[in-house]
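Visitor: Have a look at this prediction, sequence included:
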Amino acid sequence: MKVLRYPERHYLDFAVGWLELGDPIEAKVEADRITGLNRFHAEVFVVRWQIEARIGNWEAARDMARQFTRMFPDRPSGWLCLSYSHYKLNRPLDAFLELLHQAETFPKVSAFPYFMACYSWELGDAQGTGKYLGQYKALGGNLKIKPCFWDQPDLLLHWDQVHATSSSSVSLTHPGPNAPT
């Protein structure tokens, strides 16, 4: 992938800084200064998607992720972001299907079965949930599924950096906000 050069690198770094400070509006101002083909750079996509997610503009986040998956179908982050955007738009079946259709392409990305388990649970499919949690565990996953995880879209983009809590087992507490109790 092409290296992002200055001044776009500065704009991106400033946008990241604003996100870290909790100000997605200022981050968007900086990210919007990135022009031309640099807007489609993978690092820029990640930051722009995070901005839209933090603002809560899930339609824009979905559209951005859809465009990214068309341009870079070999990058799992685009598919994960597209799927999660569907989920946040109250379309858990679409979220599930986005990942289901790509799971064979990314067999070693543990985020795929993890989110498929979450979406299965949201859809009321306990058997599917167990199946996908098993796949997640087989890939070395040991992150506890917690309701708060759904409010952490940044984790989608940094899945490989997310490490487990002290427990080595996956505990199944409801992953989504609308589950039956």
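Guide: Arrived safely, thanks for sending.
Visitor: Which residues outside stretch 61-72 are in contact with it?
Guide: Residues outside stretch 61-72 that contact it (Cβ atoms under 8 Å, 6 or more residues apart in numbering): 40, 42, 45, 48-49, 52-53, 75, 78-79, 81-82, 85-86, 88-89. All C-beta atoms are positioned from the backbone trio N, CA, C, and that covers glycine.
Visitor: The same query, at a cut-off of 10 Å, please.
Guide: Stretch 61-72 is contacted from outside by 1, 39-40, 42, 44-46, 48-55, 57, 75-89, 91, 94, 98, 102, 153, 156, using Cβ atoms under 10 Å, 6 or more residues apart in numbering.
Visitor: Report the buried members of the residues you listed.
Guide: For the contacts of stretch 61-72, a burial check counting by 16 or more other Cβ atoms under 10 Å picks out 44-46, 48-54, 57, 75-88, 91, 94, 98, 102, 153, 156.
Visitor: List the ones among those residues that fall in helices.
Guide: Residues of the buried ones among the contacts of stretch 61-72 located in helices (DSSP state H): 44-46, 48-54, 76-88, 94, 98, 156.
Visitor: Between the two ends of stretch 19-38, how far is it?
Guide: Between the opening and closing residues of stretch 19-38 there is a gap of 19 Å (Cα to Cα, to the nearest Å).
Visitor: Mean confidence (pLDDT) on that stretch, please.
Guide: Model confidence over stretch 19-38, given as mean pLDDT, is 96.
Visitor: Right, I'll call it a day here.
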